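>>> Quick check, what structure comes out for this input:
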Amino acid sequence: METRIQKAIEILSRSRLTVALTGAGISVESGIPPFRGPGSLWDKIDPMEFAHIDAFMKNPARVWEVLIGSMKTILDTARPNKGHLALAELEKRRLLATVITQNVDSLHQKAGSRDVIEFHGTFAKLTCLGCGHRTSSADITLTTLPPRCHCGGVYRPDCVFFGESIPLSALTRAQEFVSQCEVMLVVGTSATVQPAAMMPILAKQNNARIIEINPTPTPLTATSDLFLQGNAGPILTRLTEAIAIPAGP
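This is a model prediction of the structure:
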């Protein structure tokens, strides 16, 4: 492991353009349960019943009660962990161009990351289906479900439900970065959900080096240049602390 850590430091130090791809695994250390895998959210509820756009439109009160309300309660108190903070620090030091994330918790932004491409949107913001008014999730209560706008319209989170497409602008920006990067950090993702799972493959096809950080191997591991096994927080913190700050322009 020590040899791989040192190799990762060397690769990141030399990279002229590095991007990160993050999944639910980076936020587990902030107390947010993953959506997939043992003990995950989809183990407990059927996503087609509570996370599909058709289910929401048919019965928004039920979806708010079972899924969105519980997620809001968790996210209202969740705080960025060392992994989020390390990526924000890399960006601040001009060692990371952007974070492409599958997460809807906005913890990257709370940690200080400024360029975040959200494939699946965010639970942090809500939009009224009636008038289009947007508000912060933290500013509404769960006293009445579904929560309603002053116009009487129902609020929905600005996340991508099953049955919806990811924002084209997010996909386009991500592809632009990925096709040009020299290094991609893949952190806390199962590497199975599309189109995010294609990002490391696209990067590899364009001669980028892939550094994967995950507690267990994934379908991507066999093609990664380096696999650093463990939790994101400690590993990213160590990498960040060891990489020299680049010289000014």
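>>> CA only for contacts and neighbour counts going forward, please
Noted.
>>> which residues of this structure fall in strands?
Using DSSP state E, the strands of the chain run over 18-22, 98-101, 116-118, 121-128, 134-136, 155-159, 183-187, 209-214, 226-229.
>>> State the distance from D158 to G121.
D158 sits 6 Å away from G121, going by C-alpha to C-alpha, to the nearest Å.
>>> Which one's more surrounded, the two?
G121 (22 against 18; other C-alpha atoms under 10 Å).
>>> how about the closest residue to that one other than its chain neighbours, what does it touch?
Residue nearest to G121 in three dimensions, not counting chain neighbours: C159, with 4.1 Å by C-alpha to C-alpha, 6 or more residues apart in numbering. By C-alpha atoms under 8 Å, 6 or more residues apart in numbering, the contact list for C159 reads 104, 120-123.
>>> If we use 6 Å, what do you get?
120-123 (C-alpha atoms under 6 Å, 6 or more residues apart in numbering).
>>> from those, which is closest to E89?
E89 has its nearest neighbour among these in T122, at 21.9 Å by C-alpha to C-alpha.
>>> how far away is the closest one from E212?
24 Å.
>>> do the same with E91
Using C-alpha to C-alpha, E91 is found at 18 Å from E212.
>>> Low-confidence stretches in the chain?
Within the chain, the stretches with pLDDT under 70 are 35-45, 244-249.
>>> quick one: the helices in it?
Secondary structure of the chain (DSSP state H): helices at 2-14, 25-28, 41-44, 47-50, 53-58, 60-63, 69-77, 82-92, 107-111, 168-180, 198-205, 232-242.
>>> Format those helices as TSV; extra columns: distance to T143.
What follows is these, written out as TSV (distance: least, C-alpha to C-alpha, whole Å):
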stretch	distance to T143
helix 2-14	48
helix 25-28	27
helix 41-44	23
helix 47-50	20
helix 53-58	19
helix 60-63	12
helix 69-77	10
helix 82-92	32
helix 107-111	25
helix 168-180	34
helix 198-205	41
helix 232-242	36
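>>> Export the ones you listed as a markdown table, with columns for mean neighbour count and distance to G132.
Output for the helices of the chain, formatted as a markdown table (neighbours: other C-alpha atoms under 10 Å; distance: least, C-alpha to C-alpha, whole Å):
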| stretch | mean neighbour count | distance to G132 |
| --- | --- | --- |
| helix 2-14 | 16 | 42 |
| helix 25-28 | 23 | 29 |
| helix 41-44 | 14 | 29 |
| helix 47-50 | 17 | 23 |
| helix 53-58 | 15 | 15 |
| helix 60-63 | 19 | 16 |
| helix 69-77 | 16 | 20 |
| helix 82-92 | 22 | 31 |
| helix 107-111 | 20 | 23 |
| helix 168-180 | 16 | 19 |
| helix 198-205 | 19 | 32 |
| helix 232-242 | 19 | 37 |
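>>> Could you point out which of those helices sits nearest H150?
The nearest among the helices of the chain, by C-alpha to C-alpha, is helix 60-63 at 17.1 Å.
>>> Run through who's touching the closest one.
50, 56, 145-146.
>>> And the chain, what are its domain boundaries?
1-32+79-120+166-249, 33-77+121-159 (automatic domain parsing).
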